[in-house]
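> How does the following fold in three dimensions:
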Amino acid sequence: MKNGRFSLAEFAAKVRTEGEREPEAGEAGESRGQSDSSEDFERLAGEIRTYLSAPRGMTEEERRQYSETLNRAVLGFPQEREQVLAVIEDRLFRLRAQSLPDYKHPYGSLAEALFAEVVGLHVLELVLANRQGLEEIQVLGDRIYEVRGGTASLSEFRFASVRDVERIQQNLVLYNNDRINPRKRWAEVMLRDGSRVTMTGFGFTSRPTLTIRFYTVRHYGLEALTAPPYRTMSEEMRRMLLAALRGRYNMVFIGPTNSGKTNLMKAMIAELPDDERVVTIEGRFEMMLGRDFPGKNIVEYETSEEDPAHSAAQAFKLALRQSPQRIIHAEIRDDDANIYVRACTRGHAGSMTTVHANRLEDVPEAIADMCMLDGRGMNPERLTKRIAEYVTELGVEMKVWRGRRIVSRIGEIRWDDGEVRVREWAVFDESRDAWFYPNTPSSRAAAWLMKEVAQ
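Have a look, this model is predicted:
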């Protein structure tokens, strides 16, 4: 402890050595006294937890902001942590309980000890101390993984037991007016800046899990993605995508989680004229377009799979009445596949979406399969042909390679001789760490691009 402040180095040493030393016989009486004071501490922690979780504010907006402050404090945001620590100190002063004489703890004050118990993230504090490049924290049981540059690696830190993980989960859901219990063994917390926490409890998953995905405040245009340190694409590929954007191609993006699909779509939206009407439909706000591009004419929908009144299907129905020039759908799912296909074929050219598929060649059939789940009588081959020709005109495939997010393929998706084919415009060659360009756009695509760009 230095200058009365909490020391991460001391806490790290404590976490690593905790449980290694057994008490000697002469310490039994001291242990009993410590047990009594520990019970007092637990009761005081319960009082502080109840006090913090109570709604605070005269208006709904004030109460929402207070809840947001608590969530951000739990996730390690410094300013909010100072605010909540001050609230705890004030509450202890009013309770005349600034100290528990017999209670031993490794913190600078009782308020800091209570903060660590009621709000803090235990050993995750040590991970959060190095936020540089940290994109995601993944907790699986007592193990911790850190995601940087799109790659997960086992952290040098870990929890002493899964009970510590479960306590953190309860803190997060408590301050978000949610719950994890035997009847509901999962929860999600979403902050206004886009940071997202997903939790599952024992019984739904074999071990408790906690995933914190931090929102990256930075946003880029396509030009920034061609240069170091990103090198997501080449300058020639940037020109290809700009031409497709101006030509109002319907585009689809595929790739594994954290491969950069959302960032690339956002970079392309940044290139659009501010007055162009765009509607986005997301299961969780991740692109944060309204915040980062306040001057753009963008309507953002956040949908809920559990609430039919706010489902993706309902969002599409409303969106189509709001004169969209482009529709950006974060991810096609079973329930809304048909609506997205209809939107792309009925005047909303230039739309973009993502799909779970292994290769660009698989995308039209994957969407067709989802369309047919609603039980309508459809000819699967005709439907796949229609999707290939009008819904997924241009495909962008992404991956993580050596810690770098790259566009590995750009291809024109088409229907040829009864099957889906991809005319590759650009392909990444791992052996040369460079892109090559097998084909130019087809005559049909070239004519369309020239026509649209000329208008």
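> just checking, residue 87 touches residue 52?
Yes. Residue 87 lies in contact with residue 52 (CB atoms under 8 Å); the separation is 6.9 Å. C-beta here means a position set from N, CA and C on the backbone, and glycine is covered the same way.
> Can you tell me the element residue 51 falls in?
helix 28-53 (DSSP states H and E).
> In the protein, where is pLDDT below threshold?
For the chain, the stretches flagged by pLDDT under 70 are 1-36, 175-177, 191-194, 215-220, 375-377, 448-449, 451-455.
> OK, contacts around the closest residue to residue 209 other than its chain neighbours?
With sequence-adjacent residues excluded and distances taken as CB to CB, 6 or more residues apart in numbering, residue 209 is closest to residue 200, at 4.7 Å. With contacts taken as CB atoms under 8 Å, 6 or more residues apart in numbering, residue 200 has the following neighbours: 185-186, 208-209.
> Where neighbours are concerned, which of the residues you listed has the most?
For the contacts of residue 200, counting by other CB atoms under 10 Å, the largest number of neighbours falls to residue 208: 25 neighbours.
> For that one, which non-adjacent residue is spatially closest?
Using CB to CB, 6+ apart, the closest residue to residue 208 is residue 165 (4.8 Å).
> hang on, the one you found packs against residue 211?
No. Between residue 165 and residue 211 there is no contact under CB under 8 Å: 11.6 Å.
> what do these two both touch?
Counting by CB under 8 Å, 6+ apart, the residues touching both residue 165 and residue 211 are residue 139.
> Comparing the two, which residue is more hemmed in?
residue 165 (27 against 17).
> Could you check how far that one is from residue 131?
Counting by CB to CB, to the nearest Å, the gap from residue 165 to residue 131 is 20 Å.
> try residue 412
41 Å.
> which one of those two has more residues nearby?
In this view residue 412 and residue 131 are compared by other CB under 10 Å, and residue 412 has more residues nearby, 22 against 10.
> For the more buried one, list the residues it contacts.
Contacts of residue 412 (CB under 8 Å, 6+ apart): 393-395, 422-423, 425, 441-442, 445.
> Burial check on the closest residue to residue 103 other than its chain neighbours, number of neighbours?
Closest residue in space to residue 103, ignoring its immediate chain neighbours: residue 37 at 3.9 Å, by CB to CB, 6+ apart. Residues near residue 37, counting by other CB under 10 Å, number 15.
> Hmm, residue 37 is touching residue 105, no?
No. Residue 37 is beyond contact range of residue 105, at 9.8 Å (criterion: CB under 8 Å).
> mind listing what the longest strand along the chain pairs with, with the direction of each?
Secondary structure of the chain read by DSSP state E shows that its longest strand is strand 404-416. Using DSSP bridges, the strands paired with strand 404-416 in its sheet are strand 394-401 (antiparallel), strand 419-429 (antiparallel).
> Just name the most buried of these.
strand 394-401 (a mean of 22; mean count of other CB atoms under 10 Å).
> How about residues contacting that strand?
149-151, 241, 244, 249-256, 258-261, 264, 359-360, 363, 405-413, 422, 428, 430.
> at 6 Å instead, please
150, 244, 249, 251-255, 259-261, 360, 407-411, 413 (CB atoms under 6 Å, 6 or more residues apart in numbering).
> cool, and stretch 209-228?
Against stretch 209-228 from outside (CB under 6 Å, 6+ apart): 136-140, 165, 193-200, 232-233, 235, 238, 266-267, 270, 292.
> Tell me which entries of the residues you listed lie within strands.
136-140, 196-200.
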